[in-house]
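**Student:** Whatever this is, show me its structure:
(one chain, ligands or ions: 1)
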Amino acid sequence: MTDFSGLNLAQPILRAMKDEGYTTPTPIQAKSIPALLQGRDLLGVAQTGTGKTAAFALPLLHRLAENAGRPDRGQPRALILAPTRELAGQIGASLRAYGRHLRLNTSVVFGGTPVRPQIRALSRGVHVLVATPGRLIDLMKQGHVRLDRVEVFILDEADRMLDMGFIPDVRRIAAALPKRRQTVMFSATMPALVKSLADGLLEDPAHVEVAPGATTVEKVEQRVLFLAKDKKRALLGELLNDQDIKRVLIFTRTKHGADRVAKHLGNRGIRCDAIHGNKAQNARERALAGFRSGNLRALVATDIAARGIDVEGVTHVINFELPNIPESYVHRIGRTARAGAGGIAISFCDHDERAYLRDIERAIRQSVPVFADHPYHSDEIANDPGPTVKGRGGRSRNGHARHGTPKKKRPNHYRGNAKRARRSAA
Ligand code: AMP
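**Tutor:** The predicted structure is shown next:
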């Protein structure tokens with residue numbers, strides 16, 4: 001597949017691709033679009049950053065445009081469910097961009113914002129409804145939406161729906177859909193409950209998969225920096241003296257931690273904000289907009305809030321705290337390797353996080369190169385792999401951690417070349 005023109009998409013969609021500057025379909029697009037244009041159900045294993053939104057959005061727009069009459073009031077022809085407001089908003093924005101030369105309406109509904117404008121939009125008639133499950137169920141109960149004209153149902157980030165406890169809501173919504181429909185499901189991972197949901201919703205689906213290893217992880221230059229927990233803030237401040245860190249997403253495990261880091265950076269005169277579930281919707285949107293426009297240099301986020309954040313030009317991701325779920329690490333660092341681009345991910349690792357690092361390295365099937373040339377490097381933490389879980393990780397015979405522990409300080413800078421760092425870590 002060399003360009004979009006081979007995909008049999010309608011001209012107005014191809015024009016929109018040109019406007020967007022997309023020349024070549026990403027692998028998930030090249031695999032999904034033909035199957036979806038044939039009308040097949042599809043199960044896609046792919047995460048944000050792979051171009052999955054366009055993979056389902058383009059065939060959907062193509063299909064709707066083929067007979068785009070006025071939609072009936074409160075009866076969308078396509079439903080896209082997303083777990084978070086941010087993701088729903090981004091899908092809506094993508095649909096509008098990709099459909100800019102078509103006469104199709106898209107509406108986005110999610111909780112935490114006034115419902116009136118959403119009801120008004122629905123009553124005018126929408127072709128595509130993008131929704132988070134809770135708000136959609138409210139609107140269904142109040143009679144503002146009916147799903148019996150839905151031709152295409154798309155469930156995005158099904159695994160995150162599971163994490164957030166939305167599966168019962170998803171099942172309720174699915175029960176209100178017509179039996180005859182096209183169903184598309186995307187998930188970054190396939191835990192058993194997501195698999196059984198897929199079995200119930202999809203009929204003879206095409207399976208497409210892009211391994212995160214090949215798409216995201218390999219494009220990101222990764223570094224781990226070992227240090228004591230109480231030195232993390234000082235190190236973060238020092239790193240941010242480097243003006244090459246232009247747009248940085250910083251991750252913490254907790255909401256409280258996100259606020260503390262944002263405050264610390266603010267005190268140092270760094271333009272930044274925090275985004276997490278305790279913040280009001282308008283505060284989250286303001287933070288995201290500031291980060292997107294470049295007004296904010298840093299955004300501090302928790303995993304759930306950051307899920308699906310799609311901001312171009314994130315030069316660095318800093319894991320102020322490592323995630324306890326390896327999958328989240330891949331999601332986090334993927335924020336800096338948007339389709340085609342590379343990026344740099346810097347992880348702080350304290351003594352208690354060694355076990356998390358070990359799990360992450362196992363999940364990504366590579367060791368993260370160590371960067372020791374910073375003032376707070378701790379050999380002790382670097383050399384102690386943490387408690388050994390039976391049959392997993394542990395110490396090698398020389399007593400060092402199995403992965404990437406340096407014997408002496410590395411000369412390469414944390415901004416340096418990944419290949420070189422991997423070689424020197426070998
Ligand atoms: P997604 O995985 O859908 O969140 O998309 C990730 C990013 O890739 C978004 O910023 C898209 O605008 C961008 N993108 C999607 N498809 C392409 C493509 N074929 N060529 C270049 N960029 C793309």
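**Student:** Any regions of this structure where pLDDT drops low?
**Tutor:** Along the chain, segments meeting pLDDT under 70 span 1-2, 211-216, 307-308, 337-341, 386-426.
**Student:** Spell out which parts of it neighbour the ligand.
**Tutor:** 22, 24-26, 29, 48-54, 310, 312, 338-340 (Cβ under 6 Å from any ligand atom). The way it works is simple: take the backbone N, C-alpha and C, and place the C-beta from them, glycine included.
**Student:** Out of those, name the ones that lie in helices.
**Tutor:** 29, 52, 53, 54 (DSSP state H).
**Student:** I'd assumed residue 45 was in contact with the second one.
**Tutor:** This points to residue 52. No - the criterion here is Cβ atoms under 8 Å, and residue 52 misses it with residue 45 at 9.6 Å.
**Student:** quick one on the thing from earlier: what's the PyMOL line that selects buried ones from the residues of the chain next to the ligand?
**Tutor:** Command for PyMOL that selects the buried part of those, burial taken from 16 or more other Cβ atoms under 10 Å:
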select buried, resi 22+25+26+29+48+49+50+51+52+53+54+310+338+339
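**Student:** quick one: the strands in the stretch 51-200 of the chain?
**Tutor:** Along the stretch 51-200 of the chain, the segments classed as strands by DSSP state E, counting those that start in this stretch run 78-81, 106-109, 128-131, 152-155, 182-187.
**Student:** Reformat these as CSV; add distance to residue 142 and mean neighbour count.
**Tutor:** Output for the strands of the stretch 51-200 of the chain, formatted as CSV (distance: least, Cβ to Cβ, whole Å; neighbours: other Cβ atoms under 10 Å):
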stretch, distance to residue 142, mean neighbour count
strand 78-81, 17, 26
strand 106-109, 12, 24
strand 128-131, 14, 28
strand 152-155, 21, 24
strand 182-187, 25, 24
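**Student:** Mind checking those for the one nearest to residue 244?
**Tutor:** strand 182-187 (33.8 Å; Cβ to Cβ).
**Student:** Dump the ones in helices among the residues of the chain next to the ligand into a markdown table; add distance to residue 201 as well.
**Tutor:** Output for these, formatted as a markdown table (distance: Cβ to Cβ, whole Å):
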| residue | distance to residue 201 |
| --- | --- |
| 29 | 22 |
| 52 | 17 |
| 53 | 19 |
| 54 | 22 |
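**Student:** Just give me the closest of these to residue 207.
**Tutor:** For those, the nearest to residue 207 is residue 52 (14.0 Å; Cβ to Cβ).
**Student:** Apart from its chain neighbours, what residue comes closest to that closest one?
**Tutor:** Leaving out its chain neighbours, the residue that sits closest to residue 52 by Cβ to Cβ, 6 or more residues apart in numbering is residue 46, at 4.6 Å.
**Student:** wouldn't that neighbour be in contact with residue 188 here?
**Tutor:** Yes - counting by Cβ under 8 Å, residue 46 touches residue 188, with 6.9 Å between them.
**Student:** Find residues that contact each of those two.
**Tutor:** Counting by Cβ atoms under 8 Å, 6 or more residues apart in numbering, residue 46 and residue 188 have no shared contacts at all.
**Student:** hang on, the earlier thing: so who does the residue nearest to residue 52 touch?
**Tutor:** 28, 52, 55, 186, 188, 208, 209, 210, 215.
**Student:** What's the local residue count around residue 139?
**Tutor:** 20 (other Cβ atoms under 10 Å).
**Student:** Endpoints of stretch 334-343, how far apart?
**Tutor:** 9 Å (Cα to Cα, to the nearest Å).
**Student:** Domain map for this structure?
**Tutor:** 4-211, 214-425 (automatic domain parsing).
**Student:** For residue 261, give its distance to the ligand.
**Tutor:** According to Cβ to the nearest ligand atom, to the nearest Å, residue 261 stands 25 Å off from the ligand.
**Student:** What ranges does the stretch 201-350 of the chain have for its strands?
**Tutor:** So, for the stretch 201-350 of the chain - with DSSP E, counting those that start in this stretch - the strands run 206-209, 220-226, 248-251, 272-275, 298-301, 316-319, 343-349.
**Student:** Of these, which is nearest residue 89?
**Tutor:** Among those, strand 272-275 sits nearest to residue 89 (Cβ to Cβ), with 12.9 Å.
**Student:** List the strands paired with that closest one, with their directions.
**Tutor:** Strand 272-275 sits in its sheet next to strand 298-301 (parallel), going by DSSP bridges.
**Student:** close enough to count as contact, residue 145 and residue 122?
**Tutor:** Yes - with contact defined as Cβ under 8 Å, residue 145 reaches residue 122; the gap is 5.8 Å.
**Student:** When these two are compared, which one has more neighbours?
**Tutor:** Ranked by neighbour count (other Cβ under 10 Å), residue 145 and residue 122 place residue 145 first, with 28 against 21.
**Student:** nearest residue to the more buried one other than its sequence neighbours?
**Tutor:** Per Cβ to Cβ, 6+ apart, closest to residue 145 is residue 139, 4.8 Å.
**Student:** Quick one: residues contacting the residue nearest to residue 248 when sequence neighbours are not counted.
**Tutor:** Distances taken as Cβ to Cβ, 6+ apart place residue 316 nearest to residue 248, at 4.4 Å, with adjacent residues excluded. When contacts are counted by Cβ under 8 Å, 6+ apart, residue 316 is found next to 245, 246, 247, 248, 249, 336, 343, 344, 345, 346.
**Student:** Give the bridge partners for residue 316, please.
**Tutor:** Those that pair with residue 316 in a beta bridge, by DSSP bridges, are residue 248, residue 344.
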